[in-house]
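**Q** I would like to see how this sequence folds:
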Amino acid sequence: MAMQKIKWRQSLVAVIFCTFISAAMAAESVPTTERGGKYPAYPTANYGKDPTQAALIKKGEYLVKAGDCIACHTDGPDGKPFAGGLPIKTPFGTIFSTNITPDKETGIGNWTDKQFIDALRHGKTPDGSYYFPVFPYIYFNKLSDQDALAIKAYLHAIPAVQQQNKPLDMPIPFRWRFGQIAWRLLFFKDEPFQPDPRQSAEWNRGKYLVTGLGHCGMCHSPLNFLGAEKKEYYLTGGFVDGFYAPNISSTNLANTPVQDVVNVFLKDKLIGGGDVQGPMLEVNHDSLVHLDRADLDAIVVYLKTVKSKTPPKPKSATQVSLKVGEKVYNQYCQGCHTTGAGGAPKMGDVNAWAPIIKLGLNQLYTNAIAGIGGMPPKGTCASCSTAEIQSAVQYIVSKSQGAAGAVSAAAAPVTVDPTSIAKGKQIYDKICSACHNNGLLGAPKIRDKAAWAPLIDEGMPQLFQRAIGGYHNHPPKGACNECSDADVIAAVKYMVQESKSDGDYQLW
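**A** Prediction:
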């Protein structure tokens, strides 16, 4: 049945993608360039002498910061603010962000109010063609015309930068913008924000920010195989550039104090401990720290009420055991703890685990459940029971202790059998070959060394994490619901081994 579903999806995707251009580009709205903790600086605006116009410009400046527009429309920390040029990679090539400074030749200096509103709220270029959904117009559609024009006023008050927009680096037919018509028919609705009279003004303000300028669902919601939000799982978690964007619906936040969530924004501290990392750190710096406390509170008040279905998972265990722990580890933990992705200590590495084990099991349970460092709460398995997390901790510890360990008499190095090349070939033939044999959905063809070289350069841990968690239009675990993390890792190793230019990846 699983294979039948996959084949059905592939047939539909082939028709839509090859004829119209993939909506999966929407999955890469966050820039992929590494910023190394450095961020571009906001330019000084010219507010003028007219108090009314100055107030409008300041309002627009606030809204631009709420939308984190600088992140995508600036080419890295040393780029010229809002002058565009940031490469945004998609499975079909590279799109470059545009110049939105008031330069009349290369920016938006000659745009009319209608052209600006059409671009921001409807995803239409001044010549009437369509933007690709890497530009989050499906969220900005919630904005009022008044707020859109305030944004325009601010962008016209910053220094003009003459910098030509870069052309699309995409082959035909993917560069044809008219192909967006199909995706828009499926997933875009012109639905400006309407307040809910049954809710408070604070709640409505929070929803306006979260569903509009904040475009939180772009990262924090799982995507379907066409790259659009799975509405039934709204804000229940997703993956961005290899980082987990956690569940921020009421499932996780209903009983969390507002201040604890605000601390995530203002202090870069995860709920329960640990530091914010990855794209969210940039969002905090560029956007959330600039918002009024009332707006931050409103965002949290709204999030605490979002009720969505929890993505399905096997029935939870209620008893702690190494057998349960092994199952949870294979399903959820191997992506990081077998490879070291995100700085996770590898299972079986006695030296790495020795100081951690000294903290004691109770502290390890707390760390695993609440999240610590780069590890999200419950290691991305938000629906795992406490017993399952504790079982996984015990299993990892049992395989990672030295001779003096209390749970295991000796360290047990991770076996390569579950992720062997032979096992990987089996998984590849059954699941992955449907796309990677012929490049369907932009998947790099197996044995295409040129296509695989830049991917391999990013590192095996990154490849493992993306294959397991999902990336661009690659669904989590390649849509193989019965596959474990080990199965996916094995398949990736097989593909890399078959597609490398040099080196040996069998023992990863």
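**Q** Phi first, then psi, for residue 449.
**A** phi -60, psi -40 (degrees, to the nearest 10).
**Q** Now do the same contact list for it.
**A** 499, 500, 501 (C-beta atoms under 8 Å, 6 or more residues apart in numbering). The way it works is simple: take the backbone N, C-alpha and C, and place the C-beta from them, glycine included.
**Q** just the buried members of these?
**A** Taking 16 or more other C-beta atoms under 10 Å as the criterion, what is buried in those is residue 499.
**Q** Could you point out which of the contacts of residue 449 is nearest to residue 41?
**A** residue 501 (40.0 Å; C-beta to C-beta).
**Q** Surely the closest one is in contact with residue 455?
**A** No - with contact defined as C-beta atoms under 8 Å, residue 501 does not reach residue 455; the gap is 11.7 Å.
**Q** Burial check on residue 358, number of neighbours?
**A** Residue crowding around residue 358 was assessed by other C-beta atoms under 10 Å; the count is 8.
**Q** Quickly list what the residue nearest the centre of the chain is bridged to.
**A** Taking C-alpha atoms, centre = their mean, the centroid of the chain lies closest to residue 240, which sits 2.0 Å from it. Residue 240 has these beta-bridge partners by DSSP bridges: residue 243.
**Q** That one touches residue 281, doesn't it?
**A** No - when contacts are counted by C-beta under 8 Å, residue 240 is not listed as touching residue 281 (11.7 Å).
**Q** What sits closest to residue 74 if chain neighbours are left out?
**A** Counting by C-beta to C-beta, 6 or more residues apart in numbering, the nearest residue to residue 74 once its immediate chain neighbours are dropped is residue 40, at 4.3 Å.
**Q** hang on, that neighbour packs against residue 70?
**A** Yes - Residue 40 is within contact range of residue 70, at 5.7 Å (criterion: C-beta under 8 Å).
**Q** need the helices for the stretch 201-350 of the chain, in chain order.
**A** Using DSSP state H, counting those that start in this stretch, the helices assigned to the stretch 201-350 of the chain run over residues 201-211, 217-220, 250-253, 258-267, 279-286, 293-303, 322-328, 334-337, 350-357.
**Q** Burial check on residue 459, number of neighbours?
**A** 14.
**Q** which ones are touching residue 217?
**A** Counting by C-beta under 8 Å, 6+ apart, residue 217 has contacts 139, 210, 211, 229, 234, 235.
**Q** for those residues, which one is nearest residue 495?
**A** Among the contacts of residue 217, and counting by C-beta to C-beta, the member closest to residue 495 is residue 229, at 28.6 Å.
**Q** wait, the closest one sits on residue 219?
**A** No - in this structure, residue 229 is not within contact of residue 219 by C-beta under 8 Å, at 10.5 Å.
**Q** Those two: who's more crowded?
**A** Per other C-beta under 10 Å, whichever of residue 229 and residue 219 has more neighbours is residue 219, with 24 against 20.
**Q** Any figure for the gap between that one and residue 323?
**A** From residue 219 across to residue 323, the span is 35 Å (C-beta to C-beta, to the nearest Å).
**Q** give me every residue that touches residue 319.
**A** Neighbours of residue 319 in contact, by C-beta under 8 Å, 6+ apart: residue 387.
**Q** Which per-residue confidence value corresponds to it?
**A** pLDDT, residue 319: 80.
**Q** How many neighbouring residues does residue 198 have?
**A** 7.
**Q** Begin at 76, not 1, for the rest of this chat.
**A** Let's use 76 as the start, then, which means that last one is residue 273.
**Q** Quick check: it vs residue 352, distance?
**A** From residue 273 to residue 352 the distance is 38 Å (C-beta to C-beta).
**Q** can you tell me which residues contact the nearest residue in space to residue 386 that is not next to it in sequence?
**A** Among residues not flanking residue 386 along the chain, residue 308 sits closest, at 5.4 Å (C-beta to C-beta, 6+ apart). Contact analysis of residue 308 by C-beta under 8 Å, 6+ apart lists 296, 297, 383, 384, 385, 386.
**Q** what do you get if the cut-off is 10 Å, keeping everything else the same?
**A** 292, 296, 297, 298, 299, 322, 324, 383, 384, 385, 386, 387 (C-beta atoms under 10 Å, 6 or more residues apart in numbering).
**Q** Would you quantify the distance from it to residue 542?
**A** Taken as C-beta to C-beta, the span from residue 308 to residue 542 is 20 Å.
**Q** what's the answer for residue 574, then?
**A** With C-beta to C-beta as the criterion, residue 574 and residue 542 are 14 Å apart.
**Q** now residue 412
**A** Distance from residue 412 to residue 542, by C-beta to C-beta: 16 Å.
**Q** about what we covered before: give me the common contacts of residue 115 and residue 145.
**A** 154, 156, 157, 360, 361.
**Q** Greatest separation within those residues: which pair is it?
**A** So, the shared contacts of residue 115 and residue 145 by C-beta to C-beta: farthest apart are 157 and 360, at 16.2 Å.
**Q** quick one: which of the two has more around it?
**A** For residue 157 versus residue 360, the count of surrounding residues by other C-beta under 10 Å is larger for residue 157: 29 against 20.
**Q** Show the contacting residues for that one.
**A** Applying C-beta under 10 Å, 6+ apart, the residues near residue 157 are 115, 117-118, 139, 144-145, 147-149, 172-177, 182-183, 229-230, 233-236, 238.
**Q** let's go with 7 Å and repeat that
**A** 145, 148, 149, 175, 176, 230, 233 (C-beta atoms under 7 Å, 6 or more residues apart in numbering).
**Q** How about residue 187?
**A** So residue 187 contacts nothing (C-beta under 7 Å, 6+ apart).
**Q** ok so, going back, need the worst-confidence member of the contacts of residue 308.
**A** Within the contacts of residue 308, pLDDT is lowest for residue 387, at 69.
**Q** For stretch 350-368, buried residues please.
**A** Buried residues in stretch 350-368 (16+ other C-beta under 10 Å): 351-363, 365-366.
**Q** what about stretch 555-567, average pLDDT?
**A** On average, stretch 555-567 scores 80.
**Q** Equivalent analysis for stretch 237-248, please.
**A** For stretch 237-248, the per-residue pLDDT averages 81.
**Q** For residue 282, see how far away residue 274 is.
**A** 8 Å.
**Q** which of these two has more neighbours?
**A** A side-by-side neighbour count of residue 274 and residue 282, using other C-beta under 10 Å, places residue 282 first with 23 against 15.
**Q** Grab the nearest non-local neighbour of that one.
**A** residue 377 (4.7 Å).
**Q** pretty sure the one you found is touching residue 278, no?
**A** Yes - in terms of C-beta atoms under 7 Å, residue 377 counts as a neighbour of residue 278; the distance is 5.5 Å.
**Q** quick one: which of those two has more around it?
**A** The neighbour count for residue 377 versus residue 278, taken as other C-beta under 10 Å, is higher for residue 377 (22 against 17).
**Q** Check the gap between the more buried one and residue 538 for me.
**A** Taken as C-beta to C-beta, the span from residue 377 to residue 538 is 36 Å.
**Q** same check, this time on residue 510
**A** 15 Å.
**Q** Which one's more surrounded, those two?
**A** More crowded of residue 510 and residue 538, by other C-beta under 10 Å: residue 538, with 25 against 22.
**Q** Domain map for this structure?
**A** Listed by automatic domain parsing, the domain ranges of the chain are 77-262, 279-378, 397-473, 492-574.
**Q** and these as a markdown table, adding distance to residue 269?
**A** Converted to a markdown table, these look like this (distance: least, C-beta to C-beta, whole Å):
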| stretch | distance to residue 269 |
| --- | --- |
| domain 77-262 | 9 |
| domain 279-378 | 9 |
| domain 397-473 | 30 |
| domain 492-574 | 32 |
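**Q** Compare these and give me the one nearest residue 268.
**A** That would be domain 77-262 among the domains of the chain, by C-beta to C-beta, at 4.1 Å.
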